[in-house]
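Chemist: Take this sequence and fold it.
(chains A and B)
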Amino acid sequence: MKVNQQFRPESGEWECAKCKIPLQPGQVKLQYLNNSFTIGVLVCPQCRQALIPEDTATGKMLEVEQLLEDK
Amino acid sequence: MDQSELRELEYKCIQEEWAFCRAACPLHVDARSLCLALQNGDTDKARAVVDKTMPIAGILGRICEAPCETACKRNEAGGAVRIGRLEKFCLRTAARKGKPMKVPDRGRRAAVIGCGISCLVLAHDLARKGYRIQVYYPGDDPEEAVSQVLPWKVPDEEISCELTYLQGLGVDFHSAAWDKALLQALLAQGPVYVGLDAVSTTILTCSLDQVDARTLAAPEKGLFVGGLAGKEILQRAIDQAASGRAAAVSLDRYTQQASLTADRGKEGPVPTRLVTSLQGVKDVPPVLSDTTDKDDVQAIQQEAARCMACECMICVRHCPYLETFGSYPKSYARQIYNNESIVKGSRQANTLINSCMLCGLCTTLCPNDFPMADLCLGARQRMVNKGKMPPSAHDFALQDLEFSRSEEFFLVRGDPEQIECAWLFFPGCQLCATHPEQVEAVYAWLRRNLDGGIGLALACCGAPAYWGGRQKTFQAVARQLQSAVQELGVPKWIVTCPSCQQMLEHFDPFLDRISLWEVFSQYRAELDMTHFQPQTCLVDPCAASNLPKMRQAVRELLQDQDLLEPGLNGSTAACCGYGGLVTNANPDIAARAARERAAACQGDALTYCAMCRDQLVRSGKRAAHLLDIFFPGKGDAYSRPSTGLSASRGNRRQLKDYMLQTVWNEQCLADSNFGSISLHMSETTRDMVEKRRILDSDIQQVIAHAAEHGQLFYDTQSKSYLGSLQLGQVTFWVQYGPGENGVYEVYTAYSHRMEIGKVSAEESA
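Modeler: Coordinates of the predicted model:
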């Protein structure tokens, strides 16, 4: 998974349900089996929650998880 | 696994053993590859196959007596492939490719007295090792000299061609009279070979008895004598060639001062351990006859196509797992060994190791009992112990095991009305998950029909831990179950599931136990057989393949019924794809195994393993469990869909609740805090969620957590929410609509194992 690669939901206008403000591009650090990556996702600028889109979780993230599991 | 264990394992797999024709050939010509090339019309490739192991093929191939044909497996199915004819066709139609490759001179020399087949073969073999060879022939013309000593006529131009080729390799031909003086003069310079297939024995100063039959070494230092067997001069060209080859090995070892006798077992015709099944092979008579035109290309191709390409592969042909990975156990053993030896880098055989169904069918079919299941299970155990097992491989099944061990399902109780407990009914967790009604009915039936008090154990036998290589977890399962049962005394276990039987055997081989089917067969009159459907196919679970008593009892139960059986059944029952946790680690292979098992069944399937029934139904087969016959529920048991993952847990929980309340008059389990959340989802979403192994309880927990902590996102376009929650090692995400009266429409759910760390609102670092 490339650092700073951008991942967005396929559709929708997303906001934070708690803070009621639109999400904006940000970064999240992902960790698995002593490896970590930083990728670009939508985040809530106030409460700092990150949105991991479905196709990212079931696509690229799954692929990298499996690669790391076989290391 | 160490290297010696690996070699021992590899030796058991005979797939790489030579085919019968090749083993019988004194020069080990690969006739199987020759036939394959010829049936594809590739004569150049066929010629290359011959040239690889047969020296002076232009001469020898034309006169070879083809002893391979006697060994050909086709003899048992229509008549031997006419390999000799095919070889001759190949030599007539395709020339040797490329020029002779002269190996650089290493200072090694040898002289050859004679110009028969053995002499030319020896000269060829030694020249290929960098020797410079002097061949002595009588008369003026080497071609004529060769022609005169050949056992069969060969065209002059072919002899000329081969001699030119030999010259190109570093063989020189000299005219000389073959006599004792020549021999002594040459021996003074270096090693000498005398080929008695051309030269008279009178040249020798020793008797033939004194020539070592194995090494062909004569008493005189540096002298080797070939072309004979014992005191007999060899008559067949192919035997003369083998003699020359053996002498070349000896002469080379003599030159290099190595042992003449060590490790010579692979020379000449050798036995082969290969086993080739003729099952399904039809008799096909030879296409080539004495009257067939020798250059009829079509006839040649048809004859070559009669070759059965002898190999073993019996395990691979009967196992979708072994077949999927494209090789055979010998190679898999090596891959698994290498996988364990890797220090850094990718472990490429993890999927191979985790995709075996551990059913042992391959071992039963293998002529040498290659233990593929033991190999994979051992590798899994070592991976777990070293912390190298991919965490996701068996996670879902292990979570399911934990569910079965928890308060949600685990229950061991004695008979509600009797103090003693002579029996303990152990239905197994998966039967409770798929057939809760029948479990309840069987327990009531047992209490009605057996004396001495009947206890009940709702628990998992630990198969997921055992199959996943988790020995410590398996032992913990055994301890939990055994200590709970101890409270009841020493009851005889009544076991329904064949996999549970196997696991209990691992717990305690002396555990007093009997299968439910054996109990049923003793009380057959007490069972209602009216729901049996004739012409059903009885599918033995693979776990029952080594439980003959259980299989026998099932057949006794159904004795008067009209039953069919699939191809692989009984002691060679194929796996439905559930075994070995393959549905977790490799769902594609599991699905394929189920499809193949289903396809082998004529009519509807009837089995006595809950997971076999589920797997067969998932592949589209109409299937029922034997308990559906004796204790039918509502509707047609054969068309009932498979039990989903969430329903499987729900059924187990409800069964425990129901039994506690109705049998022991105890309070039911407390509801979880998220149990009040009801879910609704389309069939497509349900299928997808099942495939992703996400449970309703996972989704409910995400929604409950989001409602409590407000940590979720909202899409203003679709007016849906997206919440997430990490449960154990997995983070679940659920997109859902606004709830109405506690009912939520679920649009999608997904998960990942990567943990979410620090979040920054900066777009780039």
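Chemist: I'd like to know which elements the helix or strand harbouring residue B:584 is packed against.
Modeler: Taking DSSP states H and E as the criterion, residue B:584 maps to helix B:582-585. If you count contacts as 3 or more CB pairs under 8 Å, 6 or more residues apart in numbering or on different chains; DSSP states H and E, helix B:582-585 packs onto helix B:350-354, helix B:395-405, helix B:587-599. For every residue, glycine as well, the C-beta is placed using N, CA and C.
Chemist: How far off centre is that helix?
Modeler: With CA atoms, centre = their mean, to the nearest Å as the basis, helix B:582-585 stands 18 Å off its chain's centre.
Chemist: Please tell me how far the top helix by length along chain A is from the chain's geometric centre.
Modeler: Using DSSP state H to define each element, chain A has its longest helix at helix A:61-69. How far helix A:61-69 lies from its chain's middle: 15 Å, per CA atoms, centre = their mean.
Chemist: for residue A:10, what are its contacts?
Modeler: A:53-55 (CB atoms under 8 Å, 6 or more residues apart in numbering or on different chains).
Chemist: So, low pLDDT: which residues of chain A?
Modeler: A:1-4 (pLDDT under 70).
Chemist: Help me confirm that residue B:219 comes into contact with residue B:204.
Modeler: No - using CB atoms under 8 Å as the test, residue B:219 is too far from residue B:204 to be in contact (9.9 Å).
Chemist: Who has more neighbours out of these two?
Modeler: residue B:204 (20 against 12; other CB atoms under 10 Å in any protein chain shown).
Chemist: contacting residues around that one?
Modeler: Taking CB under 8 Å, 6+ apart, one finds B:183, B:194, B:218, B:225 in contact with residue B:204.
Chemist: Which of the contacts of residue A:10 are buried? Put it as a PyMOL command.
Modeler: Here is the PyMOL command that picks out the buried ones among the contacts of residue A:10, judged by 16 or more other CB atoms under 10 Å in any protein chain shown:
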select buried, chain A and resi 53+54
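Chemist: Measure how buried residue 23 is and give me the count.
Modeler: Picking chain A for this. Using other CB under 10 Å, residue A:23 is surrounded by 24 other residues.
Chemist: meant chain B actually
Modeler: Count around residue B:23 with other CB under 10 Å applied: 18.
Chemist: and the nearest residue to it once chain neighbours are set aside, helix, strand or coil?
Modeler: For residue B:23, ignoring the flanking residues on the chain, the nearest one in space by CB to CB, 6 or more residues apart in numbering or on different chains is residue B:272 at 3.8 Å. At residue B:272, secondary structure determined by DSSP: H, G, I helix; E, B strand; the rest coil is coil.
Chemist: So for residue B:272, what's the pLDDT?
Modeler: pLDDT, residue B:272: 97.
Chemist: gap between it and residue B:17?
Modeler: Taking CB to CB, to the nearest Å as the measure, residue B:272 falls 5 Å from residue B:17.
Chemist: Equivalent analysis for residue B:486, please.
Modeler: Applying CB to CB to residue B:486 and residue B:17 gives a distance of 53 Å.
Chemist: the more surrounded of these two?
Modeler: Using other CB under 10 Å as the criterion, residue B:486 and residue B:17 rank with residue B:17 on top: 19 against 10.
Chemist: ok, and the closest non-adjacent residue to the more buried one?
Modeler: Residue B:17 sits nearest to residue B:274 (CB to CB, 6+ apart), 4.0 Å away.
Chemist: which residues touch the residue positioned nearest the centre of chain A?
Modeler: The residue lying closest to the centre of chain A (CA atoms, centre = their mean) is residue A:52, at 3.8 Å. By CB under 8 Å, 6+ apart, residue A:52 lies in contact with A:7, A:28, A:41, A:61, B:724, B:731, B:733, B:752, B:756.
Chemist: Phi, psi for the residue lying farthest from the centre of chain B please.
Modeler: In chain B, the residue that sits farthest from the middle, by CA atoms, centre = their mean, is residue B:181; the gap is 62.5 Å. The phi and psi values for residue B:181, taken as degrees, to the nearest 10, are phi -60, psi -40.
Chemist: does residue B:379 count as helix, strand or coil?
Modeler: Quick answer, by three-state DSSP: residue B:379 is helix.
Chemist: Let me see the contact set for it.
Modeler: Taking CB under 8 Å, 6+ apart, one finds B:1, B:336, B:339-340, B:353, B:469 in contact with residue B:379.
Chemist: Settle this for me: residue B:358 is touching residue B:375, isn't it.
Modeler: No - contact between residue B:358 and residue B:375 fails when scored by CB under 8 Å: they sit 10.2 Å apart.
Chemist: List the buried residues in stretch B:27-43.
Modeler: B:27-39, B:43.
Chemist: Doesn't residue B:731 lie inside a strand?
Modeler: Yes - counting by three-state DSSP, one finds residue B:731 located in a strand.
Chemist: give me the number of residues near it?
Modeler: Count around residue B:731 with other CB under 10 Å applied: 19.
Chemist: what's near enough to touch it?
Modeler: A:52, B:724-725, B:751-756.
Chemist: who wins for most neighbours among the contacts of residue B:204?
Modeler: residue B:194 (31 neighbours).
Chemist: In the sheet, which strands lie alongside the helix or strand harbouring that one, parallel or antiparallel?
Modeler: Assessed by DSSP H and E, residue B:194 sits inside strand B:192-195. Partners of strand B:192-195 in the sheet, by DSSP bridges, are strand B:109-113 (parallel), strand B:223-226 (parallel).
Chemist: Angles on the backbone of residue B:606, please.
Modeler: Dihedral angles for residue B:606 - degrees, to the nearest 10 - are phi -130, psi 130.
Chemist: and if you look at residue B:653?
Modeler: phi -60, psi -50.
Chemist: Next one: it from chain A, what distance?
Modeler: 29 Å (CB to the nearest CB, to the nearest Å).
Chemist: and the nearest residue to that residue once chain neighbours are set aside, what pLDDT?
Modeler: In this structure, residue B:653 finds its nearest non-sequential neighbour in residue B:408, 5.2 Å apart by CB to CB, 6+ apart. Predicted confidence (pLDDT) at residue B:408: the value is 93.
Chemist: List phi and psi for residue B:721.
Modeler: Here is the backbone geometry of residue B:721 (degrees, to the nearest 10): phi -100, psi 150.
Chemist: check contacts around it.
Modeler: A:17, B:706, B:712-715, B:735-738.
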